[in-house]
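A.B. asks: quick one: sequence plus predicted model below, questions after.
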Amino acid sequence: MSKTHKGSYRPKHPHKYSGDHTGIVYRSSWERTFMKWADLTESVKKWSSEEMCLPYYDPIQKKTRRYFPDFIIQVMDSDGLIQTHMIEVKPAAEVKGPDPNPKRKTKSWVYAVKMYVNNQAKWEAAREYCRRKGWVFKIVTEYELGLKKRKK
């Protein structure tokens with residue numbers, strides 16, 4: 001995921017944004033791509049970015065921390081029903097996780113393992129929250145964003 005693409009997003013439909021539409025920040029070009037989609041897609045009735053905070057237990061640091069999911073969107077389905085989705089934008093490689101048995105356990109591999117374990121804890125908290133609320137939790141990767149095609 002692009003680490004250098006940070007900036008402010010100005011929605012074309014500010015009435016659809018839940019929160020302060022003048023302070024929307026993206027931390028990657030992928031997040032900006034998702035923001036444009038949410039802003040411009042007619043079936044998306046409301047959306048927000050990092051406006052919600054969920055507590056989760058960090059198994060690495062062994063303490064409760066705060067997780068801010070990337071997006072909350074409300075989408076109208078074909079039957080006219082509104083469904084709420086909690087969305088996390090991540091590279092597919094981070095979702096899959098590092099090789100469990102690498103030839104060498106480098107510092108970057110250790111970091112990737114810690115990030116993977118921490119993300120799994122965040123996502124489990126998100127899934128549980130969504131389950132209780134009747135929402136959908138989804139991880140969106142470069143494939144769902146249409147930035148890359150899966151190999152067949």
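C.D. replies: On my side now, so go ahead. Since this is a predicted model, take the numbers as computed values, not measurements.
A.B. asks: distance of the residue nearest to Lys6 when sequence neighbours are not counted from Ser49?
C.D. replies: Closest residue to Lys6 apart from its sequence neighbours, by C-beta to C-beta, 6 or more residues apart in numbering: Arg27 at 5.6 Å. Just so you know, the C-beta spots here come from the backbone N, C-alpha and C atoms, and that holds for glycine as well. According to C-beta to C-beta, to the nearest Å, Arg27 and Ser49 sit 9 Å apart.
A.B. asks: so for these two, which sits in the more crowded spot?
C.D. replies: More neighbours surround Ser49 than the other of Arg27 and Ser49, with 26 against 17 (other C-beta atoms under 10 Å).
A.B. asks: roughly how far does the more buried one sit from Lys36?
C.D. replies: 12 Å.
A.B. asks: all strands of this structure, in order?
C.D. replies: Secondary structure of the chain (DSSP state E): strands located at 7-8, 25-26, 44-49, 54-58, 63-67, 71-76, 82-89, 136-140.
A.B. asks: wait, which of those strands is closest to Pro14?
C.D. replies: strand 44-49 (11.1 Å; C-beta to C-beta).
A.B. asks: so where is this structure shaky, pLDDT-wise?
C.D. replies: 1-4 (pLDDT under 70).
A.B. asks: repeat that for 80
C.D. replies: For the chain, applying pLDDT under 80 flags the ranges 1-4, 151-152.
A.B. asks: show me what the longest helix seen in it is packed against.
C.D. replies: Criterion DSSP state H: the longest helix present in the chain is helix 107-133. When contacts are defined as 3 or more C-beta pairs under 8 Å, 6 or more residues apart in numbering; DSSP states H and E, helix 107-133 packs onto strand 54-58, strand 63-67, strand 82-89, helix 92-96, strand 136-140.
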